[in-house]
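[1] Give me coordinates for this.
(one chain, ligands or ions: 2)
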Amino acid sequence: MRTSIATVSLSGSLTEKLTAASRAGFDGVEIFENDLLASPLSPREIRVRCADLGLTVDLYQPMRDIEAVPRDEFTRNLRRARHKFALMRELGADTVLVCSSVSPLAIDDDGLAAGQLSELASLAQDFGIRVAYEALAWGRHVSTYDHAWRIVEAAGHPALGTCLDSFHILSRGSDPKGIEDIPGEKIFFLQLADAPLLAMDVLQWSRHYRCFPGQGGFDVAGLAGHVLRAGYDGPLSLEVFNDVFRQAEAGPTAVDAQRSLLVLQEALGVAELPAPVVPTGVAFAELVTPDAEPVSALLGALGFARTARHRSKPVDLWELGEARILVNTGPAARRDGTGLAAIGLESPDPRAAARRAEALLAPVLPRRRAPEDAPLDAVAAPDGTELFFCATGRDRELPHWRADFAEVPHDPGPAPARIDHLALVQPWHQYDEATLFHRSVLGLHAQESVDVADPYGLLRSRAVTNADGSVRIALGVGAAPADDTLHAQHIALAVEDVVAAARAFRAAGGALLPIPANYHDDLAARYEFAQEELEIYRDLGILYDRDAGGVFRHCYTRTVGRVFFELVEREPGYRGYGAQNAPVRLAAQHAGRPAR
Ligand SMILES: O=C(O)c1ccc(O)c(O)c1
Ligand SMILES: [Mg+2]
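    Ligands and ions are numbered 1, 2, ... in the order given. Below you'll find the model as predicted:
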């Protein structure tokens, strides 16, 4: 289907918005009046620019407070409309959006509204223009889609139809099934937006919190299905008022937007994408560092052994049980400092996984970086983390990253361990994008978003997982642009006995993050422990959580660069990540930072 986006959904000047929409593959745009008013380009120049970019101007919007007003007021409205219709001809736009009046002058009289909208449509028709009437959820007398449709139907004018906007319909809890009773040719336009489920004033909700389909809590695909079954054949158009997208760069936002429509069309069965290939495990995590020494010391104290070295690059493989960490001291490290740069995901079909990612507009990375390397399929996540799709040792035909490494002499590692989860820090404006990306591209399931108090701000965190929990990625973000060395990434290692692991780490010279005594006093108030047990937790800085499924005990290493490790002992039924304890951990990490 054709896709369109309202200019209000993107940041920047009108030209920047148009360029971003075109590059992301949109077919058309809704031009928001303010964007036109503020543009140095004339309407005709905008039309040419759109044509050059391969965009149609699908809608001009909005006209406000038009209908059901006293005659003299309506005469002034028609005068205004005549100007706008002439402008739309220059612009090459053939549909105008009229949203239901919020004016105190508006009269609660459907007959009057229908009559005046019909007059407006007659004037529009002279200009070759159609009028699409939309119920704002906070409209003064008309606030539901079925009410707007009754007025359009009563008006019975060929140049008057309705505009459906998923936000207005779903935010009011209207049943979208009734959409199928509207003849498709009378649905002149469809605007799509999702939103998180918030209990707040609907106008504020709409103007600040809309997001792209699949990023919020509404069943936008379900609504769009009703619209298609009604016979609508216009574009799927995104109209998203969002404080974050207004500030973020237009290019990536437009890609995120287009991805949301691809996923929506897949759900509607009108677009076929390569099926998701859900990862089945974590093959490795790759750290980059300019200085291998502190990272090696940390890994060594955790019990990892350096087992192999890359045949042609400055990359070491460290292993502890099934946990594998690559330490890369190549050029990227000198540029970016110590951080988590890549994740290897075990994939049942790496090629197919990469094809899906590509179809969903993920940047595909050059297949490994040297001629003798296994040609691994890889894409970049929105935060820049490289995701490699691996088939470790499963199939001789498939590329095998492990074969790039030559064994080095080492003692067999001691305790069994594996990667429990990886926590990535998202750029502050990419939280919703990151969730949609990991869900749609990797086929992971998103758990609920949790708020975590940090002494200097509020963090949000949301985990995406596969069904058996063998892949868990926690996506975290601060509330605003921040020094994200604080909100560091981490690698959580699942161990059988966290107390033993923490003791062994300390005995090997590792430094655990100290946790204030108040925390453990509070634990004593909340749960019953054998006395020594709590003393052990105090001594090692072990944190404790419990849910209906089981117990979670965990502790943290000091941070190196932008990364730290967590040791976790997770009872199989426990679903969380110790979010309850995160504020204490964050405060302890702040306290432990060198003064600046
Ligand atoms: O918030 C508004 O005013 C507004 C304007 C035009 C729309 O299409 C809409 O859904 C909301
Ligand atoms: Mg709208």
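
[2] quick one: which helix or strand includes residue 151?
    Taking DSSP states H and E as the criterion, residue 151 maps to helix 145-155.

[3] Restricting to C-alpha, output that helix in CSV.
    Taking C-alpha atoms only, helix 145-155 is exported to CSV below (Å, rounded to 0.1, in the frame of the first residue of the first chain):
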residue,chain,number,x,y,z
TYR,A,145,-15.7,8.9,14.5
ASP,A,146,-19.2,7.5,14.2
HIS,A,147,-20.6,11.0,15.0
ALA,A,148,-18.4,12.6,12.4
TRP,A,149,-19.5,10.0,9.9
ARG,A,150,-23.2,10.6,10.6
ILE,A,151,-22.7,14.3,9.8
VAL,A,152,-20.8,13.5,6.6
GLU,A,153,-23.5,11.0,5.6
ALA,A,154,-26.3,13.5,6.3
ALA,A,155,-24.5,16.1,4.2
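
[4] Tell me the confidence at the closest residue to ligand 2 within the stretch 251-400 of the chain?
    As assessed by C-beta to the ion, ligand 2 sits closest to residue 257 within the stretch 251-400 of the chain, at 15.2 Å. To be clear about C-beta, it is placed using only N, CA and C from the backbone, and glycine gets the same treatment. pLDDT, residue 257: 98.

[5] Give me the phi and psi angles of the nearest residue to residue 302 once chain neighbours are set aside.
    In space, and not counting its chain neighbours, residue 302 is closest to residue 505: 5.8 Å by C-beta to C-beta, 6 or more residues apart in numbering. Reported as degrees, to the nearest 10, the phi and psi values for residue 505 are phi -60, psi -50.

[6] Next: the one 5 residues further on.
    In terms of degrees, to the nearest 10, the main-chain angles of residue 510 are phi -80, psi 150.

[7] That one contacts residue 294, doesn't it?
    No. Using C-beta atoms under 8 Å, residue 510 is not in contact with residue 294, being 11.4 Å away.

[8] burial count for the residue nearest to residue 302?
    23 (other C-beta atoms under 10 Å).

[9] sorry, back to before: who's more crowded, residue 510 and residue 294?
    residue 510 (20 against 13).

[10] mind checking how far the more buried one is from ligand 1?
    Distance, residue 510 to ligand 1, using C-beta to the nearest ligand atom, to the nearest Å: 55 Å.

[11] ok, back up a step: near ligand 1 at all, the helix holding residue 151?
    No. Helix 145-155 is not in contact with ligand 1 by C-beta under 6 Å from any ligand atom; minimum separation 11.5 Å.

[12] How about the chain: which residue is closest to ligand 2?
    residue 165 (3.5 Å).

[13] ok so, going back, check which helices and strands the helix holding residue 151 sits against.
    helix 110-126, strand 130-134, strand 160-165 (3 or more C-beta pairs under 8 Å, 6 or more residues apart in numbering; DSSP states H and E).

[14] OK, contacts around the nearest residue to the residue of the chain closest to ligand 2 once chain neighbours are set aside?
    With sequence-adjacent residues excluded and distances taken as C-beta to C-beta, 6+ apart, residue 165 is closest to residue 191, at 4.1 Å. By C-beta atoms under 8 Å, 6 or more residues apart in numbering, the residues touching residue 191 are 6, 30, 134, 163-167, 237-239.

[15] switch to 7 Å and redo it
    Going by C-beta atoms under 7 Å, 6 or more residues apart in numbering, residue 191 touches 163, 165-166, 237, 239.

[16] where does the residue lying closest to residue 242 once chain neighbours are set aside land on pLDDT?
    Nearest non-adjacent residue to residue 242, counting by C-beta to C-beta, 6+ apart: residue 210, 5.4 Å away. Listed pLDDT for residue 210 reads 98.

[17] Quick check: residue 210 touching residue 241?
    Yes. Using C-beta atoms under 7 Å, residue 210 is in contact with residue 241, at 5.0 Å.

[18] returning to what we had before: where does the residue nearest to residue 242 sit relative to ligand 1, distance-wise?
    Counting by C-beta to the nearest ligand atom, the separation of residue 210 from ligand 1 is 9 Å.

[19] That residue: how many residues sit nearby?
    Using other C-beta under 10 Å, residue 210 has 28 neighbouring residues.

[20] With residue 448 instead?
    6.

[21] so how far is ligand 1 from it?
    Noted for residue 448: a distance of 27 Å to ligand 1, by C-beta to the nearest ligand atom.

[22] what packs against the host helix or strand of residue 36?
    According to DSSP H and E, residue 36 maps onto helix 33-37. With contacts defined as 3 or more C-beta pairs under 7 Å, 6 or more residues apart in numbering; DSSP states H and E, helix 33-37 has these neighbours: helix 14-23.

[23] My read is that residue 238 contacts residue 6, right?
    Yes. Between residue 238 and residue 6 there is a contact at 6.5 Å, judged by C-beta under 7 Å.

[24] Show me which residues of the chain sit near ligand 1.
    Looking at ligand 1, the residues of the chain close enough under C-beta under 6 Å from any ligand atom are 61-62, 97, 99, 134, 136, 165, 191, 206-207, 239.

[25] Just the buried ones among the residues you listed, please.
    The neighbour-count test (16 or more other C-beta atoms under 10 Å) marks 61-62, 97, 99, 134, 136, 165, 191, 206, 239 as buried among the residues of the chain next to ligand 1.

[26] Restricted to strands, list these.
    Under the assignment DSSP state E, these contribute 61-62, 97, 99, 134, 165, 191 to strands.

[27] Could you find the closest non-adjacent residue to residue 578?
    Nearest residue to residue 578 in three dimensions, chain neighbours excluded: residue 545, at 4.7 Å (C-beta to C-beta, 6+ apart).

[28] That neighbour belongs to a strand, doesn't it?
    Yes. Assessed with DSSP: H, G, I helix; E, B strand; the rest coil, residue 545 lies in a strand.

[29] Spit out the contact partners of it.
    Here residue 545 is in contact with 552, 576, 578, 580-581 (criterion: C-beta under 7 Å, 6+ apart).

[30] Specify which member of those is nearest to residue 151.
    Of all the contacts of residue 545, residue 151 sits closest to residue 576, with 49.6 Å by C-beta to C-beta.

[31] distance of the closest one from residue 540?
    Look at residue 576 and residue 540: by C-beta to C-beta, to the nearest Å, they are 21 Å apart.

[32] For the two, indicate the residue with more neighbours.
    Comparing residue 576 with residue 540 by other C-beta under 10 Å, the one with more neighbours is residue 540, at 22 against 17.

[33] these two touch, right, that one and residue 500?
    No. Contact criterion C-beta under 7 Å: residue 540 and residue 500 do not qualify, at 10.3 Å.
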